[in-house]
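> pasting the sequence and the predicted model now:
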There are 2 protein chains.
Amino acid sequence: MADIDGRAGHAAPRKRADARRNEQTLLDAAAAVFVTSGVEAPVRDIAAKAGVGIGTIYRHFPTRADLILAVYRHQVEACAAAGPALLASSATPHAALGRWIDLFVDFLATKHGLAAVLQPDNAGSDALHAYFLDRLVPVCARLLDAAAEAGEIRPDMDAYDLMRGVGNLCIGADNDPRYDARRMVRLLIAGLRQSRST
Amino acid sequence: MADIDGRAGHAAPRKRADARRNEQTLLDAAAAVFVTSGVEAPVRDIAAKAGVGIGTIYRHFPTRADLILAVYRHQVEACAAAGPALLASSATPHAALGRWIDLFVDFLATKHGLAAVLQPDNAGSDALHAYFLDRLVPVCARLLDAAAEAGEIRPDMDAYDLMRGVGNLCIGADNDPRYDARRMVRLLIAGLRQSRST
DNA sequence: TAAATATACGGAGCATTGTTCCGTTTGTCA
DNA sequence: TGACAAACGGAACAATGCTCCGTATATTTA
């Protein structure tokens, strides 16, 4: 069911060796440039760092967003996978939710400029928005449901809204030492809490 | 102390009539374009709408940010002025804070793309960021202080963080029907509340 | 009123960026 | 080894913020 490259075998033609090499080189170069110059770094810079022409970048990643997505896919998947794990290992669903959100915030806050690029209609980078949300909203929804069932939070919170809200709060958290995104997110989560008396 | 134009009279040379006319024309055109195409509309579009050359725009408003700022200055001032008024007329400081934040959110949410442009380091539009925050943070701080003194909210909330957080939550609120920024802001304010028992 | 001057105008042009196109190079396979 | 598809490189295009400077015009002055 899988060929030598580990890809599913539906008539997907095997790539040339130089192509595979370049793809990896590009991913590494992009990751490096994103760390130093932020996610909005010019495509040309990444091509230069990889020692490759611009055309090559665009054959492998048809769009800036595709490249960004490829670079961070692993971490998004890890975050998605952490949801159920936390739910199983935490004392209460609310604790699991809190820790999971922390994970997400850590991820966004350390990636210079990533949060800003997650919005819809960002000049064609909708692909990023769609991937992040499609992947994480269901996980978040499950955590919310569990916490709501346990009566720990208000039951009417929408997972999509929460993810967008948290993502938005993280925008510009780097390059502004005065602004503490984590703190604001904690506040938001606090607002979610169900006052038993209410 | 004021000349015919109503400006303070410190050796500020009187502008030519066509210059004053064009400045107003540009402000009107910019406001109109911002409504239909958003705050990120190309400068050329605004120049075209106003029927003037690009050079003219840049003489009056050296930077995109200056133009945006000039268009919305009145509303920012109104928002700033509303703070003390609400504090005086509301039942409790917390109610005043809530209403004031509502005002701010209404303002941001109806201006297509404004919230996104409020961040620092936005490719040189720091002027916008600085103006908004300098003008509104003190007002917000006063409301927070009053509410904290009344014991209605936790006492450690920073006005700057709150303004940035609220602004961030409003980013992309238009062009995404699924996302309800007002709701998230309400949640944030709820999180601010002091549990008397805590 | 007519020249002189300062002020303002218009838009070509520069720099930056995402993206496309296509002639050239290179792996792969028979 | 030769043929050919696959991949490469980078010139070139379009959009956009902004600068520069020759031209036009409002205002002042004689």
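Perfect, I can see it now.

> could you check how far A:Arg64 is from DNA strand D?
For A:Arg64, the distance to DNA strand D under the criterion CB to the nearest atom of the strand, to the nearest Å works out to 14 Å. Yep, even glycine has a C-beta here, placed from its N, CA and C like the rest.

> isn't that residue up against A:Val43?
Yes: taking CB atoms under 8 Å as the contact criterion, A:Arg64 and A:Val43 are neighbours in contact, 6.3 Å apart.

> the two - which one has more neighbours?
Neighbour comparison, A:Arg64 and A:Val43: the larger count goes to A:Arg64, with 24 against 16 (by other CB atoms under 10 Å in any protein chain shown).

> phi, psi for the more buried one please.
Summarising the backbone geometry of A:Arg64 under the convention degrees, to the nearest 10, its torsions are phi -50, psi -50.

> ok, A:Pro177 next?
As for A:Pro177, its main-chain torsions (degrees, to the nearest 10) stand at phi -60, psi -20.

> where does it land on pLDDT?
The score at A:Pro177 is 91. That number is its pLDDT.

> give me the most central residue, chain A.
Most central residue of chain A, judged by C-alpha distance to the mean C-alpha position with CA atoms, centre = their mean, is A:Val76 at 4.6 Å.

> nearest spatial neighbour of that one, skipping sequence neighbours?
Spatial nearest neighbour of A:Val76, excluding adjacent residues (CB to CB, 6 or more residues apart in numbering or on different chains): A:Arg135 at 5.6 Å.

> next: A:Leu118.
Spatial nearest neighbour of A:Leu118, chain neighbours left out: A:Gly167 (5.2 Å); criterion: CB to CB, 6+ apart.

> I'd assumed A:Ala116 was in contact with that neighbour.
No: at 9.3 Å, A:Gly167 and A:Ala116 do not qualify as touching, with contact defined as CB under 8 Å.

> packing partners for the helix or strand hosting A:Arg44?
A:Arg44 is part of helix A:43-50 when elements are defined by DSSP states H and E. Secondary-structure packing of helix A:43-50 (3 or more CB pairs under 8 Å, 6 or more residues apart in numbering or on different chains; DSSP states H and E): helix A:17-37, helix A:54-60, helix A:64-89.

> how about TSV for these, with mean pLDDT added?
Formatted as TSV, the entries for the helices and strands packed on helix A:43-50 read as follows, by pLDDT from 0 to 100:
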stretch	mean pLDDT
helix A:17-37	97
helix A:54-60	97
helix A:64-89	96
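
> quick one on the thing from earlier: pLDDT value on the residue nearest to A:Val76, please?
Looking at A:Arg135, its pLDDT is 96.

> verify the stated contact: it with A:Gln75.
No: A:Arg135 is not in contact with A:Gln75 according to CB under 8 Å; the separation is 10.9 Å.

> quick one, what contacts A:Phe132?
A:Val76, A:Leu118, A:Met163, A:Gly167 (CB atoms under 8 Å, 6 or more residues apart in numbering or on different chains).

> what are the phi and psi angles of A:Arg193?
The phi and psi values for A:Arg193, taken as degrees, to the nearest 10, are phi -60, psi 140.

> that one bridge partners, please.
Under DSSP bridges, the beta-bridge partners of A:Arg193 are A:Ile153.

> what kind of secondary structure is A:Asp174 in?
Assigned state for A:Asp174: coil (three-state reduction, DSSP: H, G, I helix; E, B strand; the rest coil).

> can you tell me how far it is from A:Met163?
Computed as CB to CB, to the nearest Å, the A:Asp174 to A:Met163 distance reads 20 Å.

> now A:Leu188
Spatial separation of A:Leu188 from A:Met163 under the definition CB to CB is 11 Å.

> can you name the residues of chain A sitting close to DNA strand C?
Residues of chain A found near DNA strand C, taking CB under 7 Å from any atom of the strand as the criterion, are A:14, A:16-18, A:40-44, A:54-55, A:58, A:62-64, A:124.

> which among the residues you listed gets closest to A:Asp28?
In terms of CB to CB, no member of the residues of chain A next to DNA strand C lies closer to A:Asp28 than A:Ala41, at 14.1 Å.

> once you drop chain neighbours, what's closest to that closest one?
Spatial nearest neighbour of A:Ala41, excluding adjacent residues (CB to CB, 6+ apart): A:Val33 at 4.8 Å.

> rewinding a little: ok, and what's touching the helix holding A:Arg44?
Under the contact criterion CB under 8 Å, 6+ apart, helix A:43-50 has outside partners A:22, A:25-26, A:28-30, A:32-33, A:37, A:53-54, A:56-57, A:64, A:67.

> among those, which one lies nearest to B:Arg142?
Closest approach to B:Arg142 among those (CB to CB): A:Ser37, at 39.7 Å.
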